[in-house]
Each structure stands twice: as structure tokens, then as C-alpha cells.
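> sequence-free structure coming up:
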């Protein structure tokens, strides 16, 4: 095909009306995202789409979170691979980051593209899922107690989420609270020191984020949430260095995939006494 005959694709901002067509692209890839999962990301992030004669053939998102921005759901229809469309979508997503440091979770197929655009590995995320055998909760330290969280806990919960992830989570979590089915936290001396959320996602339920001071707290919170949905298909994504993987395997949440954490600059760091044992999603971090 000569240069004059090459098709002209139309790149633009995503709107809410694009969500069904975008969801259909992920279905083609056999990704588990529901229509509602796409709608959530469209609300909290800046999305981009590319069209061929009015047909949506690619997507990308940039979700600003303080000094960082997460890039996710970079998809190009299989029929349009190899034409530079993914690279152009990434350029738009990176441009939308502005002065923020861009971070993402890269599949094996996507990693070379991101590396060519200046992204460097800084860790890995493991995807675990299945029907869990509900474990007994890990015993908590003296003076700690676990309880159900409510609306009055939101400000303290967001503060912990920000500290554990190194990201500014207010917008993301305020949207997420509307769909959370169960939220539990660990309290010490009248203050929240760890929490975990469970919500519908993909093929069943998702646990995340999980923010805790140590592995024992994280295991306790996850066990409590698993007991709330004993028959459900559950997914949880964890940093490979979290220490949770052997225990998750024991309770039936098997590792099914691994993606690379990549940053275009210095990656986010946890602050204070907590760290993130499970992200919100791979797309949001």
C-alpha cells in the first residue's frame, strides 16, 4: 500500500458512550473486565480512543494520582496490529501525564513497546484467583482488633491508601466506595492502621486495595473478606515481594499471570509504617 493509500485513523478523547465498544475490545482479548469496570475507569481517568471510519479500534487511559499517573488498558484490535497505533495511543497517554511520573503494569507482549518509550522495570505484580478455601484469620498482635469500616472511616482509609501506595487515591477511592461490598480494617489505640476492600470485578469479586503494616495484618484482612464470599470466584493482585503468594496458593488462589511494574522515572514509594499488599487494579495501580 502506498503512503497516499494508507488509512487515516482518528484519535480522540474517550467519552462514556464509548464504554460498550471499548469493553468489547477487551472481551476479544478474553480479559475479564465487566462493562462496569470500564465505566469506573472512564469516570476517574482520562481515556483515549482511536477509530477507523467510526469504528473504535483502540483504547488507552491515564489516571492522574498526585505526582504520578498510571497508564492502563492500552488495547489495539487484533486486525490493526503492527501499524503503530499502540505507540500513538501511548504517546497520547504519556502526554496526558504532564509533569507527573508515568507508571504502568506491562504484559509480556506490551513490555518492549513501553521500554522503547523510556519505561524501566521496578517490580512485578502477580495475579492470583480461584475459589478459596476460607482460612482462619491470622492472629493479630496484642492491642489490635479487626472491625467493619463505615463512611466515618473514609478520610482515615484514604490517608492510609495514599501512604501505602505513594499515590494520591482520593478520587479513585471515592468512586470505588459506591461499589464496595465489604470493607474491613484493623484498629490500634483508636486509630486505623490497616484495611482491605472487596467489590465485584471481572468474573466474580476482587480484593484490593490491601494496605497494612505487615504480612500478618494483610493475611488477617484477606481471610476475613474471603469468609464473606465463601462460594465466590475471587481475584487478588499482589506485588511479587509482598510475601503473600505461598499463603494464597495454600488457600486456593492460584497464580495465573505476572506483569512487570514499569516507571518512566522514579517509581512511587510507600511512606510511614504501611505498604500496599494489593493494588486497586492493574490498570490503576
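Sure, I can see it. Please read these numbers as outputs of a predicted model, since none were measured by experiment. Residues are numbered from 1 along each chain as shown.
> Tell me the strands beside the strand or helix carrying residue 210, with direction?
Assigned by DSSP states H and E, residue 210 falls within strand 204-212. Here strand 204-212 has these sheet partners by DSSP bridges: strand 191-201 (antiparallel), strand 234-239 (parallel), strand 275-278 (antiparallel).
> Please dump the ones you listed into TSV; it should also carry distance to residue 65, mean pLDDT and mean neighbour count for every row.
In short, each C-beta sits where N, CA and C put it, glycine included. Formatted as TSV, the strands paired with strand 204-212 follow (distance: least, Cβ to Cβ, whole Å; pLDDT from 0 to 100; neighbours: other Cβ atoms under 10 Å):
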stretch	distance to residue 65	mean pLDDT	mean neighbour count
strand 191-201	17	97	22
strand 234-239	17	98	24
strand 275-278	12	98	25
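> Just checking, which helix or strand succeeds the strand holding residue 210 along the chain?
helix 215-228.
> what comes up buried for that next one?
Using 16 or more other Cβ atoms under 10 Å as the test for burial, helix 215-228 gives 216, 217, 218, 219, 220, 221, 222, 223, 224, 225, 226.
> re the thing from before, mind checking which of the strands paired with strand 204-212 is nearest residue 125?
With respect to residue 125, and counting by Cβ to Cβ, the nearest of the strands paired with strand 204-212 is strand 234-239 at 5.2 Å.
> Would you tell me what the next helix or strand after that closest one is?
If you walk from strand 234-239 toward the C-terminus, the next helix or strand you reach (DSSP H and E) is helix 245-250.
> what packs against that next one?
strand 120-130, strand 234-239, strand 254-263 (3 or more Cβ pairs under 8 Å, 6 or more residues apart in numbering; DSSP states H and E).
> redo that, cut-off 10 Å
Packed against helix 245-250 by the contact rule (3 or more Cβ pairs under 10 Å, 6 or more residues apart in numbering; DSSP states H and E) you find strand 120-130, helix 215-228, strand 234-239, strand 254-263.
> Figure out how far it is from the centre of its chain.
Using Cα atoms, centre = their mean, to the nearest Å, the mean C-alpha position of helix 245-250 is found 20 Å from that of the whole chain.
> cool, and stretch 10-21?
Centroid separation between stretch 10-21 and its chain, computed with Cα atoms, centre = their mean, is 20 Å.
> Show the end-to-end separation of it, please.
Distance between the two ends of stretch 10-21: 15 Å, counting by Cα to Cα, to the nearest Å.
> can you pull the buried residues of it?
14, 18, 19, 21.
> again, but for stretch 203-210
For stretch 203-210, the neighbour count (16+ other Cβ under 10 Å) marks 204, 205, 206, 207, 208, 209, 210 as buried.
> returning to that earlier point: out of the helices and strands packed on helix 245-250, which gets nearest to residue 88?
Each of these was scored for nearness to residue 88 using Cβ to Cβ, and the closest is strand 254-263 (18.8 Å).
> Now for the buried residues of stretch 10-21: which two are most distant?
Maximum pairwise distance in the buried residues of stretch 10-21, criterion Cβ to Cβ, is 9.8 Å, between 14 and 21.
> Give me the common contacts of the two.
Shared contacts of residue 14 and residue 21, defined by Cβ atoms under 10 Å, 6 or more residues apart in numbering, are found at 38, 49, 56, 59.
> show me where pLDDT drops low in this protein?
Scanning the chain for pLDDT under 70 picks out 1-6.
> How is it divided into domains?
The chain is divided into the following domains under automatic domain parsing: 3-125, 128-256+266-278.
> right, and those domains - which one's nearest residue 285?
In terms of Cβ to Cβ, the element of the domains of the chain nearest to residue 285 is domain 3-125, at 4.3 Å.
> picking that back up, could you dump the helices and strands packed on helix 245-250 to CSV with distance to residue 72?
Formatted as CSV, these follow (distance: least, Cβ to Cβ, whole Å):
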stretch, distance to residue 72
strand 120-130, 12
helix 215-228, 23
strand 234-239, 12
strand 254-263, 11
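> Go through the ones you listed and name the closest to residue 93.
Closest approach to residue 93 among the helices and strands packed on helix 245-250 is made by strand 254-263 (12.9 Å; Cβ to Cβ).
> who does the closest one touch, helix- and strand-wise?
Secondary structure elements in contact with strand 254-263, counted by 3+ Cβ pairs under 10 Å, 6+ apart, are strand 101-106, helix 111-116, strand 120-130, strand 234-239, helix 245-250.
> Sheet partners, orientation included, of that strand?
When sheet partners are counted by DSSP bridges, strand 254-263 sits next to strand 101-106 (antiparallel), strand 120-130 (antiparallel).
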